[in-house]
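[1] Build me a model:
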Amino acid sequence: MEFTANNPLYRFYNEVINQRKLEVLDEIYDINYINHIAPFNLDRGINGVKQLIKEQSQAFPDWHITVNSLYIIEDVYIVKWTLTGTHLGKYLGVNPTGKKIKMTGVDIETIVNNKIVAHDGAEDMLSLLQQIGAINIGF
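    Modelled structure (predicted):
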């Protein structure tokens, strides 16, 4: 499957994140989807994704994701991305700061029958938390 407008991962980045079309989530995720690294004690299924996306889009309403590189190995997509936005809503207990943020990460998504069935990956949460003032580490 190519990384084009019909690909569910392409739709996630471009429609869900960049255009804030949260209703697309039900179209692109498999009913048995599993997030192997679900954060903040969220449900590991689609409901956890919906909650996380809702919270993040409220905290960073202008968020935008850019795909920096993409590798496809059979049904596994490895995506390196950069996310930018402005901290305009409460996030992880931190009141809005108005600060611009920039964070990077890697998603590892498995797509079967044109649906996202599994997620793994990592993002630079430490940097994000430093940028919004939740953590102050001086070196």
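
[2] drop to CA atoms for contacts and neighbour counts, all remaining ones
    Will do.

[3] next helix or strand past the helix or strand hosting Leu25?
    Using DSSP states H and E, Leu25 sits within helix 25-28. Note on helix 25-28: by DSSP H and E, the next helix or strand toward the C-terminus is strand 29-35.

[4] Alpha carbons of the helix holding Leu25, in PDB - could you do that?
    What follows is helix 25-28, C-alpha atoms only, in PDB (Å, rounded to 0.1, in the frame of the first residue of the first chain):
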ATOM      1  CA  LEU A  25     -10.600   7.900  13.500                       C
ATOM      2  CA  ASP A  26     -13.500   5.500  13.200                       C
ATOM      3  CA  GLU A  27     -12.800   5.000   9.500                       C
ATOM      4  CA  ILE A  28      -9.100   4.300   9.700                       C
END
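
[5] Packing partners of that helix?
    With contacts taken as 3 or more CA pairs under 8 Å, 6 or more residues apart in numbering; DSSP states H and E, helix 25-28 sits against helix 8-11, helix 46-59, strand 115-123.

[6] Flag every buried residue along the second one.
    Applying a neighbour-count criterion of 16 or more other CA atoms under 10 Å, one finds 46, 48-50, 52-53, 55-59 buried in helix 46-59.

[7] do the same with stretch 62-76
    Buried, per 16+ other CA under 10 Å, within stretch 62-76: 62-65, 67, 76.

[8] and these as CSV, adding distance to Asp124?
    Shown next, in CSV, are those (distance: CA to CA, whole Å):
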residue, distance to Asp124
Asp62, 19
Trp63, 16
His64, 16
Ile65, 14
Val67, 15
Val76, 21
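
[9] just to revisit the earlier point, mean pLDDT lowest where, among the helices and strands packed on helix 25-28?
    Per-stretch mean pLDDT for these is lowest at helix 46-59 (a mean of 92).

[10] Help me confirm that Asp107 comes into contact with Val79.
    Yes. Counting by CA atoms under 8 Å, Val79 is a contact partner of Asp107 at 5.1 Å.

[11] in the chain, which strand has the most residues?
    With secondary structure taken from DSSP state E, the chain has its longest strand at strand 100-112.

[12] for that strand, packing partners?
    Using 3+ CA pairs under 8 Å, 6+ apart: strand 100-112 touches strand 76-86, strand 115-123, helix 125-131.
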